[in-house]
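Peer 1: Test case, fold it:
(one chain, ligands or ions: 2)
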Amino acid sequence: MLCLRATLCRRASQRLLVRRRLARDFTIAIDGPAASGKSSTARAVALELGFGYIDSGSIYRCATLLALRNNIADVSTGATDLIDLINKSSVDIKFQPSSTRSAPNLITGRLSVPDVRILLNEEDVSEEIRKPEVNRLVAKVASDGGVRTAVLGIQRALASAAETRSTSVAGKDGVVSVPGGVVMDGRDIGTTIFPNAELKIYLDASAMARAIRRWDEMNSSLKQARAADPALAAGDKAPAEYPSVEDIARELEERDYADINREHSPLRIAKDAVVIDNTAMTFEQQVYSIADLARDRMGLERKHDDL
Ligand SMILES: Nc1ncnc2c1ncn2[C@@H]1O[C@H](COP(=O)(O)OP(=O)(O)O)[C@@H](O)[C@H]1O
Ligand SMILES: Nc1ccn([C@H]2C[C@H](O)[C@@H](COP(=O)(O)OP(=O)(O)O)O2)c(=O)n1
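Peer 2: Ligands and ions are numbered 1, 2, ... in the order given. Have a look, this model is predicted:
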């Protein structure tokens, strides 16, 4: 009896060790075109699995903000100065538990989407990096090879910090502490940044669905801002300042074209990526199916076969 118990305990701890080993440094790469749902999905998947999250697009957006603030309008001639500024800057991504502020338009069902704050040299620039002037310039900034190399340094540092942070994950034998995995989203994560990522997702949706989602998102944020600020509620800021769905569709199309056709690390579907078109999917379906794909590959039990 004692012997049987010892064997069972040994087997349980071996299983645990296998899981710990599998969960160690487990990386999920999520790539796809603009507004396909990468960042909201990545955040919810990271929360579901107890992983860290890195929004690589926000680093390119910070680089673009540095260019705008330092009057580097022409990235091709000002690249050296911009690279110098990036190398001297710090970017931090603060992943905060549950908030609907970062996905105000989304029906998330049972899920919560954690908020993410982006700090550039310790200043919170989360809202500023989403402004239209940044949207217009970011693809150009991200097309420069030297800028990409400078951004890579920040991405690697953030990823290794996330991976060394231990988290608690509910395993079959109870809660276990595992060195944290990481979810990173962007354009070249599965192809260039983490070509050996354990799970690669290419998230896509129709161009119109993506434009409508972005438009919805902007309008929900405007409604929230109006509710919080009487000056905005009184109509001081005309809704006409806000782009139409057609304007947004055009902007997304231009950015996708630049991201797909650039020389350095263009947006491509990695050959071993799982392609998910979420045009007709609910947010819950896309998050739970990715989390279960990750669980499969970590040797953990699936949780959402009901979907
Ligand atoms: N399956 C879905 N159905 C409807 N809206 C979605 C879905 N997935 C994401 N969204 C919404 O689409 C918008 C764009 O998502 P986001 O995560 O910011 O995309 P990306 O990071 O690819 O630019 C957000 O407002 C998000 O809440
Ligand atoms: N890994 C990455 C991430 C983003 N970029 C570039 C290309 C994108 O147009 C910009 C902004 O990316 P971001 O993911 O914030 O953009 P969207 O949220 O999808 O609109 O940065 C990149 O080149 N490589």
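Peer 1: interface residues of the stretch 51-200 of the chain facing ligand 2?
Peer 2: Those residues of the stretch 51-200 of the chain that sit near ligand 2, judged by Cβ under 6 Å from any ligand atom, are 56, 57, 58, 60, 61, 138, 139, 142, 186, 187, 188, 189. For the C-beta atoms, the positions are set from N, CA and C on the backbone; glycine is no exception.
Peer 1: how does it look with 5 Å?
Peer 2: 56, 57, 60, 138, 139, 142, 186, 187, 188 (Cβ under 5 Å from any ligand atom).
Peer 1: how close does whichever residue of the stretch 151-300 of the chain sits closest to ligand 2 get to residue 244?
Peer 2: Nearest residue of the stretch 151-300 of the chain to ligand 2: residue 186, at 2.4 Å (Cβ to the nearest ligand atom). According to Cβ to Cβ, to the nearest Å, residue 186 and residue 244 sit 27 Å apart.
Peer 1: Looking at these two, which has the bigger crowd around it?
Peer 2: residue 186 (29 against 11; other Cβ atoms under 10 Å).
Peer 1: what bridges to that one?
Peer 2: Note on residue 186: beta-bridge partners by DSSP bridges are residue 31.
Peer 1: circling back: pLDDT at the residue of the stretch 151-300 of the chain closest to ligand 2, what is it?
Peer 2: The predicted structure scores residue 186 at 96 on the pLDDT scale.
Peer 1: what's the answer for residue 8, then?
Peer 2: pLDDT, residue 8: 46.
Peer 1: Spell out which residues of this structure are next to ligand 1.
Peer 2: 35-40, 103, 106, 213, 217, 278, 281, 283.
Peer 1: The strand or helix carrying residue 62 packs against which elements?
Peer 2: Following DSSP states H and E, one finds residue 62 within helix 56-69. Applying 3 or more Cβ pairs under 8 Å, 6 or more residues apart in numbering; DSSP states H and E, we find helix 56-69 packed against helix 75-88, strand 91-96, strand 115-120, helix 132-142, helix 145-164, strand 182-186.
Peer 1: quick check: angle from that helix to strand 182-186?
Peer 2: Helix 56-69 and strand 182-186 are oriented at 50 degrees to each other (axes from the mean of the first three to the mean of the last three Cα atoms, to 10 degrees).
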